[in-house]
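Visitor: From the sequence below, what's the structure:
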Amino acid sequence: MTSAAGRIQVLDPRLANQIAAGEVVERPSSVAKELIENAIDAGSQRIEVDIEQGGARLIKIRDDGIGVGEQDLPLALARHATSKITSLEDLEGVSSLGFRGEALASISSVSRLELVSNAEDDPRQGWRVVAEGRGMEARVTPAPHPRGTSVAVRDLFFNTPARRKFLRTEKTEFAHVEEAFRRQALSRYDIGWVLRHNQKVVHQLPPGDTAAARERRIASLLGKNFIEHARYIEREAGGLRLSGWVGLPTHSRSQADQQYFFVNGRVVRDRLVAHAVRQAYRDVLYNGRHPVFVLYLELDPDVVDVNVHPTKHEVRFRDGRMVHDFLYSSLHHCLAVSRPSEGVGPEADQAPRAESIPSDAEPPAAPAPRWQQQGMALAESEGRHPGAERVRRFMQGYQALHPDHEETLLTPQPSPLTATMPEAHQVREAPPVMPQQDATAAPPLGFALGQLHGVYILAQNAQGLVLVDMHAAHERIVYERMKQQWSAAQGIDAQPLLVPVSLAASRSEVATAESEREAIAQLGIELDVAGPETLLVRQLPALLAQADPEALVREMLEELSRFGRTHQVEARIHELLSTMACHGSVRANRRLTLDEMNALLRDMERTERSDQCNHGRPTWTQMNMKALDRLFLRGQ
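Guide: Below is the predicted model:
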């Protein structure tokens with residue numbers, strides 16, 4: 001089919017390169033990224049990046065890599081010319097960062113590009129090649145240069161003013177360049193890096209691949225707070241290896257600006273990866289907050305396709321489901337061990353783990369305590385949970401865990417020390433510290449000293465003062481035990497709908513429902529295909545019988561289609577359990593005895609994820625003796 005403009009013809013090479021530039025050269029940071037990747041592929045040990053006017057005037061990358069010989073310099077600026085792949089087999093297992101052979105040709109078509117390189121050890125043997133946009137003629141002349149390559153890109157978009165006017169302010173453009181530099185510097189710790197803007201050094205990072213050197217670089221690029229509030233992870237299974245730093249849920253951000261994920265050294269922004277990370281943080285992160293992480297995934301290059309996007313930011317895994325499950329389980333396990341016993345106290349590694357709850361726990365014969373009555377009232381009076389009987393059974397089993405103190409934990413007893421004080425001003429004081437409660441040998445969260453305004457527990461440990469939000473802490477304890485008992489139960493109780501719900505679905509949704517029928521049934525959902533574009537919901541989990549079937553099923557099918565797994569049903573049930581735990585936990589302005597406070601502290605040390613409540617807020621904080629001394633100018 002021909003257009004009204006005329007017959008089909010081959011595009012002019014300059015025009016073709018400018019079209020290609022529209023894919024890979026979005027702004028100065030795109031140029032810096034492509035040139036830095038070439039420097040890394042050249043085996044460089046040191047890379048220097050010089051920027052002027054945010055990159056609009058100059059982007060210069062200098063490296064000490066293998067260099068380019070005189071005979072190859074003209075080809076370096078030619079389109080689809082590369083030394084990194086030679087066959088289809090090479091393309092199917094790409095191990096280099098750049099391989100398309102388009103970057104330099106595209107960049108030179110919209111700028112004044114100068115490339116000086118030397119592949120010899122003699123600094124007098126260098127050569128220069130220059131291309132200035134329009135003609136694209138490459139001119140090669142001698143130019144002394146040490147071993148390596150320097151690429152200078154001047155006046156970006158000088159010959160395409162329509163694109164130049166879309167550049168932002170100098171500050172904004174340099175921020176994007178700095179972010180591109182930061183990503184590459186985090187990908188290779190064995191390379192020394194320098195970034196300058198308008199002749200001023202912004203970052204100077206020495207090489208070093210030890211654990212301490214890596215942490216110093218991350219602290220320099222992302223701030224000391226990142227390392228101070230991150231946990232190192234390293235797991236390997238099924239040919240996949242994940243390592244890096246995962247930010248604690250209490251150290252989250254309002255935007256996703258400190259999330260770095262690398263696949264075989266290549267920084268990527270992949271939807272499958274993002275979903276796995278989001279699911280791992282789902283139970284511990286406050287709404288609207290974003291986790292921080294620097295993670296490295298290593299796998300066989302043959303099972304990942306990096307040639308799916310011009311900028312190579314996206315990848316495609318041969319077995320996306322396996323990768324998703326590996327990332328989710330690794331991060332979920334790492335975050336699950338977040339508890340006060342981690343990194344606090346002299347014997348943190350010996351702290352006991354959370355206790356398991358037998359699924360066949362018998363209800364206690366004693367009358368139900370107040371917390372249990374509150375939870376039952378929530379399940380029954382609000383009339384939202386047809387499975388309230390089952391909820392009642394495993395909530396009753398909660399008391400069986402610690403029958404010696406669970407009853408008193410939520411039934412505070414008055415103390416003669418505070419009975420005569422106005423409750424709003426009470427700070428409960430402890431009796432003299434007994435020898436067995438010496439602070440130097442205290443457990444991670446120490447021993448309780450008193451209660452502040454009925455909200456916070458004050459405790460003393462080896463480091464100093466510990467403040468605990470008693471409601472938030474107990475809410476997490478109750479929630480985690482409810483989840484344990486729920487997961488230990490046999491299957492999911494389901495309830496047929498009185499009237500099946502008919503859904504208008506797309507053909508892809510119907511295909512997913514048919515192919516994932518077994519997985520859907522395991523979630524307690526009965527979904528039938530009633531036509532080419534119609535689904536019937538006949539059954540839902542008992543606890544979700546009053547949920548919106550259409551929204552639940554559509555979200556579930558979308559996750560199954562995109563990621564091969566769905567956590568929608570589990571997420572909805574956990575939301576319900578979280579609400580019950582909140583209503584069944586110790587409330588603010590409740591007076592607790594010292595025994596009750598200490599019981600709560602010990603439970604926190606045993607419970608996973610107890611560093612934050614169900615909503616992602618911190619449950620406790622530590623003030624060491626140095627911080628307290630500074631408050632009162634001691635030792636100044």
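Visitor: Adjacent strands (with direction) for the longest strand along the chain?
Guide: As assigned by DSSP state E, the longest strand anywhere in the chain is strand 494-504. When pairing is defined by DSSP bridges, strand 494-504 lines up against strand 534-541 (antiparallel).
Visitor: which residues are in contact with the strand it pairs with?
Guide: 387, 492-497, 500-505, 509-510, 513, 523-530, 547, 549-550, 552-553, 569, 573 (Cβ atoms under 8 Å, 6 or more residues apart in numbering). For glycine as for every other residue, the C-beta is placed from the backbone atoms N, C-alpha and C.
Visitor: What count of nearby residues applies to Asp122?
Guide: When neighbours are defined as other Cβ atoms under 10 Å, Asp122 has 10 of them.
Visitor: where does the chain have its least confident helix or strand?
Guide: Least confident helix or strand, the chain: helix 370-381 with a mean of 35, by mean pLDDT, DSSP states H and E.
Visitor: Give me the sheet partners of whichever helix or strand Ile47 is part of and which way each runs.
Guide: Counting by DSSP states H and E, the element that carries Ile47 is strand 46-52. Here strand 46-52 is paired, per DSSP bridges, with strand 58-63 (antiparallel), strand 192-197 (parallel).
Visitor: coming back round to it: would you pull up how far the longest strand of the chain lies from the middle of the chain?
Guide: Distance of strand 494-504 from the chain centroid (Cα atoms, centre = their mean, to the nearest Å) equals 36 Å.
Visitor: Next, the buried residues of the strand holding Ile47.
Guide: Buried residues in strand 46-52, counted by 16 or more other Cβ atoms under 10 Å: 46-52.
Visitor: Kindly report the same for stretch 242-260.
Guide: 242-252, 258-260.
Visitor: Could you dump these into a markdown table with distance to Gly208, pLDDT and secondary structure added?
Guide: Shown next, in a markdown table, are these (distance: Cβ to Cβ, whole Å; pLDDT from 0 to 100; DSSP: H, G, I helix; E, B strand; the rest coil):
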| residue | distance to Gly208 | pLDDT | secondary structure |
| --- | --- | --- | --- |
| Leu242 | 22 | 97 | strand |
| Ser243 | 17 | 96 | strand |
| Gly244 | 17 | 96 | strand |
| Trp245 | 16 | 96 | strand |
| Val246 | 22 | 94 | strand |
| Gly247 | 22 | 92 | strand |
| Leu248 | 25 | 87 | coil |
| Pro249 | 30 | 85 | coil |
| Thr250 | 29 | 79 | coil |
| His251 | 25 | 85 | coil |
| Ser252 | 29 | 87 | coil |
| Gln258 | 21 | 94 | coil |
| Gln259 | 24 | 95 | strand |
| Tyr260 | 18 | 96 | strand |
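Visitor: List just the nearest of the residues you listed to Ala152.
Guide: Of all the buried residues of stretch 242-260, Ala152 sits closest to Tyr260, with 28.2 Å by Cβ to Cβ.
Visitor: Correct me if wrong: that closest one contacts Ala185.
Guide: No. Tyr260 is beyond contact range of Ala185, at 10.4 Å (criterion: Cβ atoms under 8 Å).
Visitor: For the closest residue in space to Glu526 that isn't next to it in sequence, name its beta-bridge partners.
Guide: In this structure, Glu526 finds its nearest non-sequential neighbour in Gln539, 3.6 Å apart by Cβ to Cβ, 6 or more residues apart in numbering. Per DSSP bridges, the residues bridged to Gln539 are Pro496, Glu526.
Visitor: okay, now Gln539: neighbour count?
Guide: Neighbour tally, Gln539, other Cβ under 10 Å: 18.
Visitor: Give me the pLDDT value at it.
Guide: Note on Gln539: pLDDT of 89.
Visitor: again with Ala103
Guide: So Ala103 comes in at 79 (pLDDT).
Visitor: From Leu186, how far out is it?
Guide: The gap separating Ala103 from Leu186 is 21 Å, by Cβ to Cβ, to the nearest Å.
Visitor: next one: Leu77
Guide: Counting by Cβ to Cβ - Leu77 and Leu186 are separated by 30 Å.
Visitor: Next, work out how far apart the residue nearest to Glu526 and Val510 are.
Guide: Counting by Cβ to Cβ, the gap from Gln539 to Val510 is 18 Å.
Visitor: Spell out which helix or strand contains Arg562, please.
Guide: helix 549-563.
Visitor: Quick one: the strands in the stretch 1-150 of the chain, in order.
Guide: Taking DSSP state E, counting those that start in this stretch, the strands of the stretch 1-150 of the chain run over residues 46-52, 58-63, 112-118, 127-132, 139-142, 148-154.
Visitor: closest one to Ala459 among those?
Guide: strand 46-52 (49.9 Å).
Visitor: tell me the angle of that closest one relative to strand 148-154?
Guide: Strand 46-52 and strand 148-154 are oriented at 10 degrees to each other (axes from the mean of the first three to the mean of the last three Cα atoms, to 10 degrees).
Visitor: Could you list the alpha-carbon positions for strand 46-52 in CSV?
Guide: Extracted C-alpha coordinates of strand 46-52, given in CSV (Å, rounded to 0.1, in the frame of the first residue of the first chain):
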residue,chain,number,x,y,z
ARG,A,46,38.0,4.4,35.6
ILE,A,47,35.2,6.5,34.0
GLU,A,48,35.0,10.3,34.1
VAL,A,49,31.8,12.1,33.2
ASP,A,50,31.9,15.9,32.5
ILE,A,51,28.7,17.8,32.0
GLU,A,52,28.1,21.4,31.1
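Visitor: Report the next helix or strand after the helix or strand that contains Gly450 in sequence order.
Guide: Per DSSP H and E, Gly450 falls inside strand 447-452. Per DSSP H and E, the first helix or strand lying C-terminal to strand 447-452 is strand 456-460.
Visitor: Now do the phi/psi pair for Leu445.
Guide: phi -90, psi 10 (degrees, to the nearest 10).
Visitor: For the closest residue to it other than its chain neighbours, give me its contacts.
Guide: Leaving out its chain neighbours, the residue that sits closest to Leu445 by Cβ to Cβ, 6+ apart is Leu601, at 4.3 Å. Taking Cβ under 8 Å, 6+ apart as the contact definition, Leu601 lies against 443, 445-448, 457, 459, 468.
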